[in-house]
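give me the fold of what follows.
(6 chains)
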Number of protein chains: 4
Amino acid sequence: MPRLANGVRTPDAIRHAAIELFYEHGYEATTLREVADKVGIRVGSLYNHIDSKDELLGSIMLGIMDDLLAAFRQALRAHNDDPVACLRSCIDTHIRFHATRAHEVFIGNSELRSLPTKQRKRVVSKRDQYEKLISGILETLSEQGLAEVVDVRLQTYAIVAIGTHVSSWYKPRGGMSLDAIVETYTTMIFRQLGISSADAVLPAAPASV
Amino acid sequence: MPRLANGVRTPDAIRHAAIELFYEHGYEATTLREVADKVGIRVGSLYNHIDSKDELLGSIMLGIMDDLLAAFRQALRAHNDDPVACLRSCIDTHIRFHATRAHEVFIGNSELRSLPTKQRKRVVSKRDQYEKLISGILETLSEQGLAEVVDVRLQTYAIVAIGTHVSSWYKPRGGMSLDAIVETYTTMIFRQLGISSADAVLPAAPASV
Amino acid sequence: MPRLANGVRTPDAIRHAAIELFYEHGYEATTLREVADKVGIRVGSLYNHIDSKDELLGSIMLGIMDDLLAAFRQALRAHNDDPVACLRSCIDTHIRFHATRAHEVFIGNSELRSLPTKQRKRVVSKRDQYEKLISGILETLSEQGLAEVVDVRLQTYAIVAIGTHVSSWYKPRGGMSLDAIVETYTTMIFRQLGISSADAVLPAAPASV
Amino acid sequence: MPRLANGVRTPDAIRHAAIELFYEHGYEATTLREVADKVGIRVGSLYNHIDSKDELLGSIMLGIMDDLLAAFRQALRAHNDDPVACLRSCIDTHIRFHATRAHEVFIGNSELRSLPTKQRKRVVSKRDQYEKLISGILETLSEQGLAEVVDVRLQTYAIVAIGTHVSSWYKPRGGMSLDAIVETYTTMIFRQLGISSADAVLPAAPASV
DNA sequence: GATGAATGAGACTTCATTCAT
DNA sequence: AATGAATGAAGTCTCATTCAT
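Numbers count the residues shown, from 1 in each chain, chains lettered A, B, ... in the order given. As a prediction, the model looks like this:
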């Protein structure tokens, strides 16, 4: 633990400040001076902790993708014997992750073009992996006759789009509880896939992220 | 006809160049020099046609929202006696519009925060109007017992999200035809609403935008 | 009479508009667009009547100096036999001219440095001539024992400074009448020169400019 | 002591350079590049020390007015029992200040219109205070029957005008010594006020600024 | 004689980044 | 590890001026 300001390690404070500002104003419109102000240090001091503005964005974007993939893979592993339960669990994780880490996810979706080529490729690759995981579930369900998938790619997109959208409007103490959001979307997706609506609602409590 | 460069009126050329560049690199990352270069004039000459970079973005965003609302309202009017046909027509218009004018729509969805407050309010107001139109259709269907709407707001979001997402990846000569995309998404939404899948496919050709 | 807009010849309208704007905001801060707006034409059209912004300023400054010299010389000629009457008449002319053509005179005094070298020299030369005329009167008075001149140069400056200052605050319908201003300053200058105060007030009405 | 280039603190060097350039070419005609060049830094570096070009002008103008008021008030205080001595001291201070800080005073008199409204009001207010101080002395002299004041306002203007004018031509090693200038103008003003000329010349050395 | 449009030069200002202290 | 200051590059916007119509 190198250095603490108000109990927080400076690098963490920088990362946190950057996430909020990139989310609010966008990467290009955010100045490092604003980041430094939010942290409570001078702009020059940032460079004791980051290499560049680019790299700061890159680390945020790679980090969120890694965490998302890890969470999703864990949800997958827990139900590799029951495809419908697996889908339910994955939707749950997908939506909760996009809600609870909405700002980072939003940055991950909107600032790809701000990233230098090299890092962009790495993020895109992770994003593709994520979509492949979703498509894989849908294919399994389709092959086993458990769901009617009209078009794997578009169905995948529809699910991805829900996450993206949730991340753009979800607020912790907004009108609808996270549980209700998850339940509703799960029902909607299950219907879309022609899976019995009854299966959508879990008897037990859903796993938190 | 004030003045033509290669047969195109300069203000139109500027608007077109700006749309492409804002779409590709984002508003903040696009310089007016790039816009001018694309048009084939010097950067100072832009100011014979625009008031400011802000105002250029604003006019693009207001314009696309106006066009979207107009197209949607026209689709609504054509079927005000048959709610299911109306929904089908609106989905059709929604998706085709977001596909054929993908770049402008994408800007409209992603650059809200780059807009000065005054214009932002006007765009947000139009966006709200648009969502209300969609919600209205869903409510009618629900009230008349023609569809099972799990949650009007989230269902509206899901439909909006499809448009947003299509605008982010659709390319005229990409893998899937626009007709096929419309048909697939229509089927998916109809299922989600518990409307007979058969109703989703039109016997006649769908209206073009 | 080449061309009239609202009964005024365009070149005169331009000159008039330029004088008001140069007076109000200064030469550098005034744009030709503002001049054109005030005239009611477009900025490009100005160039049918002027050669350049510099030249427009130059013609105003040379014009006012010529008019000032002409008025002063006329006042001098009218009393070349009575030095005290001559002084009285010159002070009268000096102050009235600086009041009634305050804006041009103000420009003439404040925008010298905005003028290109060549024209500046011509204006400075006229200004020197003007000061020499005043100094000449003072010297005559001094030589003939009619006045006690402490220092010709500083006394000349003091008189010049009065004109400059009047031009910076005089307004036609301000608190003090032009006649009163002339009378008061004349008294003050006469006292300064040790000339009987009684001589300061003219029996007859002073000549108008 | 933050940082010295050639022994001078950068903010002071900027202020000094700006004064010289604003005096020589005027505020509008002076570019920040010229200021930076004169200081020996790049133009962007200026912004480590100033907020804007406007604010740089404002601080110069407010500063000179504050200094002028302070100097004048000190001169007033020193002779609050003898009105004639007080006048003499004030004229001395007035002229010496306008001569020794001629460039700043000149800027203060000529660039009012270049100032943003808010700061302009503050400078104008200080200027009014200064004129009131002068008027006050004249009124006291008049009330006590020590001087014949023809018109308080115009007499005040005449004195102010002398300062303005001196600031426009005085040069440290010009033809006339500062002491001589002060003495001559004092004599002239005393005469104007009908005060015995003998009182104008001080037996002892005049106070320096 | 008027106009709309183009242009080149340049102005103010911002910003990421570096570095001596 | 923090800071104040410097820097170069760039960005938006303005402006005097020109010219075809």
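
and what about A:Gly175, helix, strand or coil?
coil (DSSP: H, G, I helix; E, B strand; the rest coil).

domains of chain A?
Following automatic domain parsing, one finds the domains of chain A at A:1-50, A:53-200.

what's the most buried one of those?
Per-stretch averages of neighbours, counted by mean count of other Cβ atoms under 10 Å in any protein chain shown, single out domain A:53-200 among these, with a mean of 18. In this view, the C-beta of every residue, glycine as well, is placed from N, C-alpha and C.

that domain near DNA strand F anywhere?
No - between domain A:53-200 and DNA strand F, judged by Cβ under 7 Å from any atom of the strand, nothing touches; the nearest distance is 12.0 Å.

check whether that domain contacts chain B.
Yes - Domain A:53-200 reaches chain B (Cβ under 8 Å from any Cβ of the partner chain) through A:110, A:113-114, A:150-151, A:153-155, A:157-158, A:160-162, A:164-165, A:169, A:176, A:181, A:184-185, A:187-189, A:191-194.

in helices, which of these appear?
Among those, the ones falling in helices (DSSP state H) are A:110, A:153-155, A:157-158, A:160-162, A:164-165, A:169, A:181, A:184-185, A:187-189, A:191-192.

can you list the domains of chain A in TSV and add mean pLDDT and distance to DNA strand E?
Shown next, in TSV, are these (pLDDT from 0 to 100; distance: least, Cβ to the nearest atom of the strand, whole Å):
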stretch	mean pLDDT	distance to DNA strand E
domain A:1-50	91	3
domain A:53-200	93	4
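
can you give the distance of the longest helix seen in chain A from its chain's centre?
Ranked by residue count under DSSP H, the longest helix found in chain A is helix A:117-143. Put simply, helix A:117-143 sits 13 Å off its chain's centre (Cα atoms, centre = their mean, to the nearest Å).

helices or strands up against that helix?
Counting contacts by 3 or more Cβ pairs under 8 Å, 6 or more residues apart in numbering or on different chains; DSSP states H and E, helix A:117-143 is packed against helix A:53-77, helix A:83-100, helix A:152-169.

among those helices, which is nearest C:Gly145?
For the helices and strands packed on helix A:117-143, distance to C:Gly145 was read as Cβ to Cβ. The smallest value, 83.4 Å, belongs to helix A:53-77.

now the angle between helix A:152-169 and that closest one, please.
Interaxial angle, helix A:53-77 versus helix A:152-169 (axes from the mean of the first three to the mean of the last three Cα atoms, to 10 degrees): 120 degrees.

residues contacting helix A:53-77, please?
With Cβ atoms under 8 Å, 6 or more residues apart in numbering or on different chains as the test, helix A:53-77 has contacts from A:14-15, A:18-19, A:22, A:27, A:32, A:50, A:86, A:89-90, A:92-94, A:97, A:101, A:104-105, A:107-108, A:111-112, A:114-116, A:119, A:122-123, A:126-127, A:129-130, A:133, A:137, A:207, A:209.

now do stretch A:168-186
With Cβ under 8 Å, 6+ apart as the criterion, stretch A:168-186 contacts A:88, A:91-92, A:95-96, A:98-100, A:102, A:106, A:162, A:166, A:200-201, A:206, B:150-151, B:153-154, B:157-158.

residues in contact with A:Gln155?
Residues near A:Gln155 by Cβ under 8 Å, 6+ apart: A:138, A:149, A:192-193, B:188.

what is the nearest of these to chain C?
Each of the contacts of A:Gln155 was checked against chain C using Cβ to the nearest Cβ; the closest is B:Met188, at 57.5 Å.

surely that closest one meets A:Leu154?
Yes - between B:Met188 and A:Leu154 a contact is recorded at 7.2 Å, counting by Cβ atoms under 8 Å.

which SS class is the residue in chain A positioned nearest to chain B?
Residue of chain A nearest chain B, by Cβ to the nearest Cβ: A:Glu28 (3.4 Å). Three-state call for A:Glu28 (three-state DSSP): coil.
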